[in-house]
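Student: My questions are about this predicted structure, shown below with the sequence.
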Amino acid sequence: MNDESQTMVSLVKSGLTLLSLRRPVTAFLGRSTPSRKAILATSGLVTLSSALGQTTSTTSCTAGKMSYTTEIETGYLNADNAYDLDVELMSQPGFSLEQLMELAGLAVAEAVYQVLPPSSESKPRILLICGPGNNGGDGLVAARHLVFFGYECVIMYPKQSKKEHFVNLVKQCEDVGVTFIDEFPHTNEYDAIVDSIFGFSFKGAPREPFKTALEKMQEVQKKKPEFPIISVDVPSGWNVDEGDVAKTGFVPSVLISLTAPKESARSFPGRHFVGGRFLPPVLAEKYGVQMPPYPGVSQVMEITKPKSKGIDSSWEVEYAAYLEEKGAKEKENEVAAAASQPKSDKKDEENWEQQYHDYCVEKEARLAEEDARKRAAEKESSSS
Ligand SMILES: NC(=O)C1=CN([C@@H]2O[C@H](COP(=O)(O)OP(=O)(O)OC[C@H]3O[C@@H](n4cnc5c(N)ncnc54)[C@H](O)[C@@H]3O)[C@@H](O)[C@H]2O)[C@H](O)CC1
Ligand SMILES: [K+]
């Protein structure tokens, strides 16, 4: 390689250094921070609220034998706001009920999967109790997804809606082998119950046949405190804003809040999931709710963690080490990516072109000077 091409190479390299220095820093700061939060939140390596810079709620109680603490604050909707937000979702961004219900049911199925995953040896049996409204519809959608996730589903749907969408949902369930029953069965044959009876439009005291269904679920809980009862959006029979004001004593072990938790969820003691990965930011802001950092492609995120001593400190340590390692890797990758990228940063490109231009001008001047000196020397020697 001659001098000139070597100089060219070093100029090209310095151009790339400029590119690689500027771009990675912004990319690193801009991108890594939220992903760290998300990873932090999902890895279970440290308290979720500190990852988000939010205050940890001290809401904690027992469900079964385990105790849970709310770690990510998502905000709460009262019954009126929940209704208004639903209406607005359908008018402003124009979501259809069918779309929202499909997302809701999928979120429920994903949460069930996290609570009670199937295995190659076992196909858990799920009993879904579906109410007369849209909360019941969420249960129908969830059952269909659960079948594909590896579950056996049986639905008690005593007050079936005549609306076309609901008739179709029933048919879609039957087509994948879900069976329908009218009465509350013996629960010995089941591994979990999904309570999809009432959501945010429930009012007053529960009427039959759901009153009995709720009582039966409580009996199951009394006999088997560990038996998973998973409520969709609101524990059925609870006042949407105030919780179990009727003192029914029904407390599910798991709650899946849809879109955002309702006011009554403030006092919920069990495992709490949120499924609302479709909420437009403008509506979230208007209604004072925040989306949790949903992990990966998941429709749900658990916003609680088990409250057990000693876990937090080891999470903190592991997380700090993890973060350091991840940060270093990310930086390395960014630098490598920038080095292999075509020079698209206009400013750096212009800068590089300017440097090369200056180099050429300087070189030409130098050569011209040498030439002139040479010619002058030749002239002098020929004249002497
Ligand atoms: N964006 C979302 O989050 C979505 C949530 N969805 C789910 O829809 C419910 C709300 O649905 P809605 O049809 O308005 O009401 P409910 O299902 O809660 O129940 C209404 C139903 O129940 C009857 N009822 C009311 N009170 C009583 C009572 N005391 N006893 C007996 N029956 C009662 C009433 O007559 C109606 O028939 C929400 O919570 C989510 O789960 C949607 O999927 C869309 C997206
Ligand atoms: K419910």
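Tutor: Great, that's in hand. Numbering: from 1, shown residues only. Ligands and ions are numbered 1, 2, ... in the order given.
Student: okay, CA-based contacts and neighbour counts for the rest of this
Tutor: OK.
Student: Mind checking what secondary structure the spatially most central residue of the chain has?
Tutor: The residue lying closest to the centre of the chain (CA atoms, centre = their mean) is Tyr294, at 0.9 Å. Counting by DSSP: H, G, I helix; E, B strand; the rest coil, the backbone at Tyr294 sits in coil.
Student: got the phi/psi numbers for the closest residue to it other than its chain neighbours?
Tutor: Nearest non-adjacent residue to Tyr294, counting by CA to CA, 6 or more residues apart in numbering: Met301, 5.5 Å away. Reported as degrees, to the nearest 10, the phi and psi values for Met301 are phi -140, psi 130.
Student: And the pLDDT at Met301?
Tutor: Predicted confidence (pLDDT) for Met301: 97.
Student: my guess is it meets Met291, correct?
Tutor: No: if you go by CA atoms under 8 Å, Met301 and Met291 don't touch, sitting 9.6 Å apart.
Student: okay, those two: which has more neighbours?
Tutor: Between Met301 and Met291, counted using other CA atoms under 10 Å, Met301 has the larger neighbour count: 26 against 22.
Student: Who are the contact partners of the more buried one?
Tutor: The neighbourhood of Met301, defined by CA atoms under 8 Å, 6 or more residues apart in numbering, consists of 111, 273-275, 292-295.
Student: Tell me the one of those nearest Gly137?
Tutor: Gly275 (15.4 Å; CA to CA).
Student: and Phe180, what element?
Tutor: strand 179-181 (DSSP states H and E).
Student: From the contact counts, what lies against that strand?
Tutor: Here strand 179-181 touches strand 152-156, going by 3 or more CA pairs under 8 Å, 6 or more residues apart in numbering; DSSP states H and E.
Student: Show me what the strand it packs on is packed up against.
Tutor: Short answer (3+ CA pairs under 8 Å, 6+ apart): strand 152-156 packs on strand 125-130, helix 134-149, strand 179-181.
Student: Could you dump these into JSON lines with mean pLDDT added?
Tutor: Converted to JSON lines, the helices and strands packed on strand 152-156 look like this (pLDDT from 0 to 100):
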{"stretch": "strand 125-130", "mean pLDDT": "98"}
{"stretch": "helix 134-149", "mean pLDDT": "98"}
{"stretch": "strand 179-181", "mean pLDDT": "98"}
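Student: And these: which comes nearest ligand 2?
Tutor: Minimum separation from ligand 2 across the helices and strands packed on strand 152-156 (CA to the ion) falls at helix 134-149, 6.3 Å.
Student: So for that closest one, what gets flagged as buried?
Tutor: Using 16 or more other CA atoms under 10 Å as the test for burial, helix 134-149 gives 134-147, 149.
Student: Most proximal residue of this protein with respect to ligand 1?
Tutor: Using CA to the nearest ligand atom, Gly199 is the residue of the chain that sits closest to ligand 1, at 3.1 Å.
Student: Now do the same for Thr33: its pLDDT.
Tutor: Taking Thr33 on its own, its pLDDT is 26.
Student: my bad, should have said Ala372
Tutor: According to the prediction, Ala372 has pLDDT 84.
Student: before we move on, what about Thr47?
Tutor: On pLDDT, Thr47 comes in at 32.
Student: Perfect, that will be all.
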